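Colleague: Let's see this in three dimensions:
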Amino acid sequence: MSSIISSEVSPEVAERADDLRASRLYARRARVDRMFAVLLAVQYVAGIIGAFTVSPYAWEGKTHAIHMHVWIAVIGGAGIAILPILMAIFRPGTVLTRHVIAASQMLSSALLIHLTGGRIETHFHVFGSLAFLAFYLDWQVLITATVIVAADHFLRGIFWPESVYGVANPEWWRFLEHAGWVAFEDVFLIWSCVLGKREIESSALREAQIEQLSEQEQLKTAALQMALAEMQAAS
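Modeller: Okay, here's the model as predicted:
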């Protein structure tokens, strides 16, 4: 049960407040799931377009050619997007769905960074994605996303540094710099998630208390009406 619900509140109000909190969080997270389903689909199309337009310049000078990056965008992008989109449609609002979406969104960022040859501007997609993930009001989702980003930069920095940093021989600790900036943003996003959940919990508790007072007033009114009716019948 939520920590915002005080021990001074009656068990009925506490249970109702907890139900309201859970239903509101579920509805919010289901909406965010649907938002990411659309976003992932848009990013998939954008990745394919980028593979045909930006990638040849970023990777092959001024020669336009359909090369492996097109296949990476089409096949790899589909592999990244299909599962979270299906889960957002058929299992919205669940813990597993939002963690899968968080991982897939970070992999989408990694794919876009790769397709642009590690352009620094594309790295900002990671920070925007983290901000969107904060809409879930679940700080653990941000941890999942951060781990995926750090692992991606570390592994690609070793095996294919040009695809993530745009240079062939970056410093081995380069991924720590990127992960550090992500962690810096996480501090503020996690705090915003905590505050957002507290606001929902407080609102749910107030609504539950109002509902109880309304029910009590209705009972009092009904009892008064019955008493008046008995008095009129007796007179």
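Colleague: does F175 belong to a helix or a strand, and which?
Modeller: Element membership for F175 (DSSP states H and E) is helix 174-234.
Colleague: what packs against that helix?
Modeller: Other elements packing on helix 174-234 under the criterion 3 or more CB pairs under 8 Å, 6 or more residues apart in numbering; DSSP states H and E are helix 11-60, helix 120-133, helix 139-159. All C-beta atoms are positioned from the backbone trio N, CA, C, and that covers glycine.
Colleague: Output these in TSV, with distance to G79, mean neighbour count and mean pLDDT appended to each entry.
Modeller: Shown next, in TSV, are the helices and strands packed on helix 174-234 (distance: least, CB to CB, whole Å; neighbours: other CB atoms under 10 Å; pLDDT from 0 to 100):
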stretch	distance to G79	mean neighbour count	mean pLDDT
helix 11-60	10	17	87
helix 120-133	18	17	93
helix 139-159	15	19	92
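Colleague: so who does the residue nearest in space to the middle of the chain touch?
Modeller: For the chain, L133 is the residue whose C-alpha lies nearest the centre (CA atoms, centre = their mean; 2.6 Å). L133 sits next to 101-102, 105, 141-142, 145, 189 when contact means CB atoms under 8 Å, 6 or more residues apart in numbering.
Colleague: what do you get for M226?
Modeller: Contacts of M226 (CB under 8 Å, 6+ apart): none.
Colleague: how close does D186 sit to I200?
Modeller: According to CB to CB, to the nearest Å, D186 stands 21 Å off from I200.
Colleague: you'd agree L205 is up against D19?
Modeller: No - contact criterion CB atoms under 8 Å: L205 and D19 do not qualify, at 11.3 Å.
Colleague: returning to that earlier point: and the contacts of L133, which is closest to A222?
Modeller: Nearest to A222 out of the contacts of L133 is V141 (CB to CB; 47.2 Å).
Colleague: what's the nearest residue to the closest one if we skip its chain neighbours?
Modeller: Distance criterion CB to CB, 6 or more residues apart in numbering; nearest residue to V141, sequence neighbours excluded, is A102 at 4.7 Å.
Colleague: tell me the angle the helix or strand where that neighbour lies makes with helix 11-60.
Modeller: Assigned by DSSP H and E, A102 belongs to helix 95-115. Helix 95-115 runs at 20 degrees relative to helix 11-60, counting by axes from the mean of the first three to the mean of the last three CA atoms, to 10 degrees.
Colleague: Report the buried residues of helix 95-115.
Modeller: Within helix 95-115, the residues that count as buried by 16 or more other CB atoms under 10 Å are 97-115.
Colleague: ditto for stretch 166-183
Modeller: Buried, per 16+ other CB under 10 Å, within stretch 166-183: 166, 170, 174-175, 178-179, 182.
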